[in-house]
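J.: task: produce atomic coordinates for the following.
(chains A and B)
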Amino acid sequence: MMLSLQTVLYSGAIGLMVIGLAGVLLSSHLFRTILALSIAEAGVSLMLILAGFRPDAAAPILLDMTAAAAPHAWVDPVPQAMVLTAIVIGVGIQALALALAIGVYRHYGTLNVAEVKEKMVRELNQQQQLVQVEESLHAPEGSRPLPVVMRGER
Amino acid sequence: MQQIALLVAVPLLGAFLLPSLARVHLLLARWGVPLLLLGLLLWTVPLLQQVESGAVAIAIGHFAAPLGISFYVDQLALWLVILLLAVTLLIWPVFKSKVHQQSLLLILIGSACGIILSGDIFNIYVFYELLSVASFGLVVERRSGAAYAATLRYLVVSSVGTVLALAGIALIYNATGTLNLADLARLESSDWDRTKAIAAFTLLILGFGVKAELFPLNQWVPEVYGAASSRIAALMAGVISKVALLIIIRLVVLLFPYPEVHQLLMVLAIAGVLFGELAAWQSRDFTRLLAYSSMGQLGLVFMALAIPGEAGVLAAVALALHHLLIKPALFLLAESWGRSLSQLRGLWYTQPLKVALFILLILSLLGVPPLPGFWAKWLLLSGLASLDGSLAAMALAVVAVATVVEVSYLFNLVRILVDEREQTVQDVPLTLPHSRVTGVLLSLAALILVAASFNIAAVGQHLQQIVQQAGDRQHYIAVVKPEIKP
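T.: Take a look at the predicted model:
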């Protein structure tokens, strides 16, 4: 079975995306989540580049325009421009994510996903002045009488 | 009309000039932002007349459509810009916010206008990212641990959405070699592989659905709205989600008018409605109740969008407009009421006007007949009823169940608000801050609602005309005129 270059590259791109997204879902540490995101982004960038890639073609800038080359002799420059934009945006967002992670660590002293979530929910509840144990809003009116047995034991 | 790009350029320029201006004089920065927004608003309103007969397309830098970036201005887009500017002006606290927040707000406005007007998927993606970054900055403003944690989790979800959307964009470019919406709309369904198209749509809708609170990437909503100030929550739930919705409307109308796409949208919408309403029923505080119910309401909007043809778009726009009017008002109310529901007992006796207005707003939200909410929900239900198939029947049932659940939790809240029995028992007397501004804005929203319910025929007719223009695929192609490629 012959594997073409593009097949290999496409599987690589999709593989990177899957690794990254799985990392986001599965990792228990926020820093690893951010790293996994950057892996996924690398996969997508590769995929975008591949959309304009042609084997045996030159970079568009090196082409001798006077040679009246065949229209398929250069790779499509549009996706390359787009990937540049996407990479710059990705770097900015990663910097922001790391800054936020520092903020989280300063306040909570941990970057463990479960612990951060627990502390966040507790803080949000406090902010809304929610008492943890509270009677159900949908419970019927009036107090519920205790079972006779329990009263008897008292 | 050629200067429509100013809607993007001026706020962005202002955002970066503002910190320097603030050094010269603080007053300049403080008054600069509202005056700028007011100026843009007054400049945009007369443009509505110019697009009434037909939409206008502008090639940025005179590069023609498929290669260059085109802006597409129709009535729907302009109305959204006007509502965006008006709502921001009304709810933004001019005198309380710091300079960098004002800068972020301007970036948010500029990028939202870019998303609304742009006619190129990649350009939309870039503005969408800009909007995300600005919203992260606004959400984290309280700098508490919860704000940092909620924003970071929001950023992670948002970035996952970005990765999916970019993969969708790559797939479209791979299949068609163009990203211009008009150029893509021209393609017949035979021109590109249906499987690829549906895969691309799935990726795009999951990606852009993050901001539109589409299930399943909407789990950030309650945390972020809880951690951010109510005004930011009002802005994001009210307007920014509609901006993302407009992307999805354009995608469904122009690129993917396929039955599979409508089915996918319907499944996601049903799940979103059920999840949002049930979670709202369970929540114990006002802010999160609103956040979850907002997810449910937007689920209804997507359900409407899943109805093929113009009827679906009309129902979606009507529901979205109604949500845009009511949700910011309710979130502003949450600024003074944002706390445990059981502590709101007997509020009727201290703030009767606000409670009365609140009841009016939720009646419209539920769809009680004379109010506009009824009309919007009626459009959805009649659209769903006209469809065949088990999915549409299930959607009808879900709408009915969701309405019952909504009635349950909202009227339970009303019952708490007018309960006099508990007020005397409680040892802590209720001292909620009186906010005059909130009262005025609430009255304004209620007034618009009542006015709309008296003129429902005229409003409906105008809306239909707007949607007719937005839903016309051939019109979009004819206006943008992408050059035929060799």
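J.: need the distance between the two termini of stretch B:89-100.
T.: 17 Å (C-alpha to C-alpha, to the nearest Å).
J.: looking at it now, give me its mean pLDDT.
T.: For stretch B:89-100, the mean pLDDT works out to 78.
J.: do the same with stretch B:370-386
T.: Mean predicted lDDT for stretch B:370-386 stands at 88.
J.: can you pull the buried residues of that stretch?
T.: Using 16 or more other C-beta atoms under 10 Å in any protein chain shown as the burial criterion, the residues of stretch B:370-386 that qualify are B:371, B:372, B:373, B:374, B:375, B:376, B:377, B:379, B:380, B:381, B:383, B:384. C-beta here means a position set from N, CA and C on the backbone, and glycine is covered the same way.
J.: same question for stretch B:92-101.
T.: Buried residues in stretch B:92-101 (16+ other C-beta under 10 Å): B:92, B:97, B:99, B:101.
J.: out of those, the closest to chain A would be?
T.: Nearest to chain A out of the buried residues of stretch B:92-101 is residue B:101 (C-beta to the nearest C-beta; 15.9 Å).
J.: related to what we said a few turns ago, show me the buried residues of stretch B:92-101 that map onto strands.
T.: Among the buried residues of stretch B:92-101, DSSP state E puts none in strands.
J.: next SSE after the helix or strand encompassing residue A:33?
T.: Under the criterion of DSSP states H and E, residue A:33 resides in helix A:30-51. Once the chain leaves helix A:30-51, the next helix or strand it forms, by DSSP H and E, is helix A:77-108.
J.: list the buried ones in that next one?
T.: Within helix A:77-108, the residues that qualify as buried are A:78-79, A:82-83, A:86, A:89-90, A:93-94, A:96-97, A:100-101, A:103-105, A:107-108, counting by 16+ other C-beta under 10 Å.
J.: what's the angle between it and helix A:30-51?
T.: With axes from the mean of the first three to the mean of the last three C-alpha atoms, to 10 degrees as the criterion, the two stretches helix A:77-108 and helix A:30-51 enclose an angle of 180 degrees.
J.: and helix A:77-108, anywhere near chain B?
T.: Yes - applying C-beta under 8 Å from any C-beta of the partner chain, one finds that helix A:77-108 is in contact with chain B at A:78-79, A:82, A:85-86, A:89, A:92-93, A:96-97, A:100-101, A:103-104, A:107-108.
J.: in chain A, what residue is nearest chain B?
T.: Checked against chain B (C-beta to the nearest C-beta), the nearest residue in chain A is residue A:107, 3.0 Å away.
J.: residue 18: what's it in contact with?
T.: This is for chain A. Contact partners of residue A:18, counting by C-beta atoms under 8 Å, 6 or more residues apart in numbering or on different chains, are residue A:43.
J.: I was after chain B.
T.: When contacts are counted by C-beta under 8 Å, 6+ apart, residue B:18 touches B:29, B:32, B:33, B:99, B:102, B:103, B:106.
J.: closest one to chain A out of the residues you listed, please.
T.: residue B:103 (15.1 Å).
J.: next, give phi and psi for that closest one.
T.: Phi and psi for residue B:103, reported as degrees, to the nearest 10, are phi -60, psi -50.
J.: so what pLDDT did it get?
T.: The pLDDT attached to residue B:103 in the predicted structure is 90.
J.: before we move on, what about residue B:58?
T.: So, for residue B:58, pLDDT stands at 86.
J.: using PDB, list the CA coordinates for the helix or strand hosting residue A:25.
T.: Following DSSP H and E, one finds residue A:25 within helix A:5-26. Listed next in PDB are the C-alpha coordinates belonging to helix A:5-26 (Å, rounded to 0.1, in the frame of the first residue of the first chain):
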ATOM      1  CA  LEU A   5       2.800  12.400   1.500                       C
ATOM      2  CA  GLN A   6      -0.500  14.300   2.000                       C
ATOM      3  CA  THR A   7      -2.100  11.300   3.700                       C
ATOM      4  CA  VAL A   8       0.700  11.100   6.200                       C
ATOM      5  CA  LEU A   9       0.600  14.900   6.900                       C
ATOM      6  CA  TYR A  10      -3.200  14.900   7.200                       C
ATOM      7  CA  SER A  11      -3.100  12.100   9.700                       C
ATOM      8  CA  GLY A  12      -0.400  13.900  11.600                       C
ATOM      9  CA  ALA A  13      -2.500  17.100  11.700                       C
ATOM     10  CA  ILE A  14      -5.700  15.300  12.800                       C
ATOM     11  CA  GLY A  15      -3.600  13.300  15.300                       C
ATOM     12  CA  LEU A  16      -2.200  16.400  16.900                       C
ATOM     13  CA  MET A  17      -5.700  17.900  17.200                       C
ATOM     14  CA  VAL A  18      -7.000  14.700  18.800                       C
ATOM     15  CA  ILE A  19      -4.100  14.600  21.200                       C
ATOM     16  CA  GLY A  20      -4.600  18.200  22.100                       C
ATOM     17  CA  LEU A  21      -8.400  18.000  22.600                       C
ATOM     18  CA  ALA A  22      -8.000  14.700  24.600                       C
ATOM     19  CA  GLY A  23      -5.400  16.500  26.800                       C
ATOM     20  CA  VAL A  24      -7.800  19.400  27.400                       C
ATOM     21  CA  LEU A  25     -10.500  16.900  28.500                       C
ATOM     22  CA  LEU A  26      -8.400  14.500  30.500                       C
END
